[in-house]
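Visitor: Here you go, sequence then predicted model.
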Amino acid sequence: MKTSQLFQTALEPDALHMFFHDVRQTSERLAEPLSDADATVQSMPDASPAKWHLAHTTWFFEAMVLKPFVSAYKTFDEDFHFLFNSYYETLGARQPRPRRGMITRPALSHILDYRKHVDDALDALLRTTAGRRITELVELGCHHEQQHQELLLTDILHLFAQNPLHPAYRDPGPVTVETADRLPLFFTTFDEAIVEIGHGPVGFAFDSEGPRHRVLVEPFRLADRLVTNAEWADFVNDGGYKKSLLWLSEGWAKVQAEGWSQPLYWEERDGQKWTMTLRGFQPLDPTAPVTHISYFEADAFATWSGKRLPTEFEWETAARGIVIQGNFLDTHCLRPKPASPHVGGLQQMFGDVWEWTRSAFLPYPRFRTVEGAVGEYNGKFMSGQFVLRGGSCITPPGHMRASYRNFFPGHARWQFSGLRLAEDA
Ligand SMILES: [Fe+2]
């Protein structure tokens, strides 16, 4: 099957060229507040150094576009192929993921030189009449880099949270805590329907968002907003982390093994709840959406509430037709914001926090992986992970779609992940 049927392309040459420049500049702007040390340390095996993200996204263009398609291209450094390949078995051996933090050399400045070398080569290529196969791969490379922009920030947050000084990535001043009263929770009812799920024919999409297909969705109700920190504190205070009956077996094992008693970055100071953010250590905002929780915690909370998590099909059904706007990276807020008083419809569907669904990340009917290395992009991860929907406060604007499927293992907590409740109707 051809790439164009799975990684759909949307952009004309000029628009692609501009998109490429915008994405590449955004990554470097995101890294500007970081020292070489900040960009080199790896805080845990799941997180990667910022320097690695900057280099790996560059390697992607080099390995997928320049080396296969531009015969005159001069490789910047042959060793980088080993250092910055992520998981592409068909492209050869690589630095083990948990040891990416050992790459103290090359320095950050040298990685920026690498970026410029590849940018110049891509610039020249995009000024020619590059074939469709090439433009598709460049566009995929841009969306891939946007995914790494979000990872760069979540990995920096995790790193800075390990530092007893709680440094801020940006804007360290105190953040205003909303003092609004708790908002009531309303549910919108959706009738039984056979719905079209997956990306349509227009615009870019990752392969895992298709093929579009029909799904029978039973009647359900979906909460009008995300679960808040105050509601999560009720769960904690009611012994939610101590009641095994609320938990899936694998989740309860994690609670025991890891000593989970609250979301990842919550801390108690002088009898008050604080949390680590990209803007440093801040008092917890009770009206803001809870974030940095695992699938297992989200599921236990939903059970405690007498509700459940939505399926990804229910979520996508509800999201269709809603304008894709919200608290994304371009608000510069860098944290999820409270919902507005009830406005009569679903809110916070896009941005703020990724919403755990109860759906396993599986191939849609008739899904086929693309031939070659790029086929390793998503397909081989379709086991043992759950789907999250909607994007977060650090997702780049323009990167989100109603059909977008993010995925993480059930125990992952370091992403901006939260939840919205659902129930059967
Ligand atoms: Fe990657």
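Guide: Sure, I can see it.

Visitor: Now do the longest helix anywhere in the chain: which elements does it pack against?
Guide: Criterion DSSP state H: the longest helix present in the chain is helix 132-161. Counting contacts by 3 or more Cβ pairs under 8 Å, 6 or more residues apart in numbering; DSSP states H and E, helix 132-161 is packed against helix 13-31, helix 50-61, helix 108-127, strand 272-277. The way it works is simple: take the backbone N, C-alpha and C, and place the C-beta from them, glycine included.

Visitor: ranking the ones you listed by burial, who's on top?
Guide: The highest mean neighbour count among the helices and strands packed on helix 132-161, using mean count of other Cβ atoms under 10 Å, belongs to helix 50-61: a mean of 26.

Visitor: coming back round to it: let me know which of the helices and strands packed on helix 132-161 is the nearest to residue 319.
Guide: helix 13-31 (23.8 Å; Cβ to Cβ).

Visitor: List of residues touching the closest one?
Guide: With contacts defined as Cβ atoms under 8 Å, 6 or more residues apart in numbering, helix 13-31 is touched by 11, 39, 50, 53-54, 57, 108, 112, 115, 119, 122-123, 126-127, 129-130, 135, 138-139, 141-142, 145-146, 148-149, 152-153, 396.

Visitor: tell me the average confidence for it?
Guide: Taken as a whole, helix 13-31 has a mean pLDDT of 96.

Visitor: Check stretch 135-152 too.
Guide: 96.

Visitor: and if you look at stretch 36-54?
Guide: 98.

Visitor: so how far is residue 422 from the closest residue to residue 262 other than its chain neighbours?
Guide: Distances taken as Cβ to Cβ, 6 or more residues apart in numbering place residue 236 nearest to residue 262, at 5.5 Å, with adjacent residues excluded. Distance of residue 236 to residue 422, computed by Cβ to Cβ, to the nearest Å: 22 Å.

Visitor: more crowded one of these two?
Guide: residue 422 (23 against 16; other Cβ atoms under 10 Å).

Visitor: quick revisit: could you dump the helices and strands packed on helix 132-161 to a markdown table with distance to residue 266?
Guide: As requested, the helices and strands packed on helix 132-161 are exported to a markdown table (distance: least, Cβ to Cβ, whole Å):
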| stretch | distance to residue 266 |
| --- | --- |
| helix 13-31 | 25 |
| helix 50-61 | 25 |
| helix 108-127 | 32 |
| strand 272-277 | 5 |
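
Visitor: Out of these, the one nearest residue 407 is which?
Guide: helix 50-61 (18.6 Å).

Visitor: between that closest one and helix 132-161, how many degrees?
Guide: 170 degrees (axes from the mean of the first three to the mean of the last three Cα atoms, to 10 degrees).

Visitor: Assess the claim that residue 336 and residue 394 are in contact.
Guide: No: between residue 336 and residue 394 there is no contact under Cβ atoms under 8 Å: 9.9 Å.

Visitor: Show me whatever sits in contact with both of these two.
Guide: residue 416.

Visitor: and the end-to-end length of stretch 82-97?
Guide: Length of stretch 82-97, first residue to last, Cα to Cα, to the nearest Å: 11 Å.

Visitor: Which helix or strand contains residue 68?
Guide: helix 67-69 (DSSP states H and E).

Visitor: Downstream of that helix, the next helix or strand is which one?
Guide: Going down the chain from helix 67-69, the next helix or strand is helix 80-84, by DSSP H and E.

Visitor: Mind listing what's buried along that next one?
Guide: For helix 80-84, burial by neighbour count (16 or more other Cβ atoms under 10 Å) applies to 80, 81, 83, 84.
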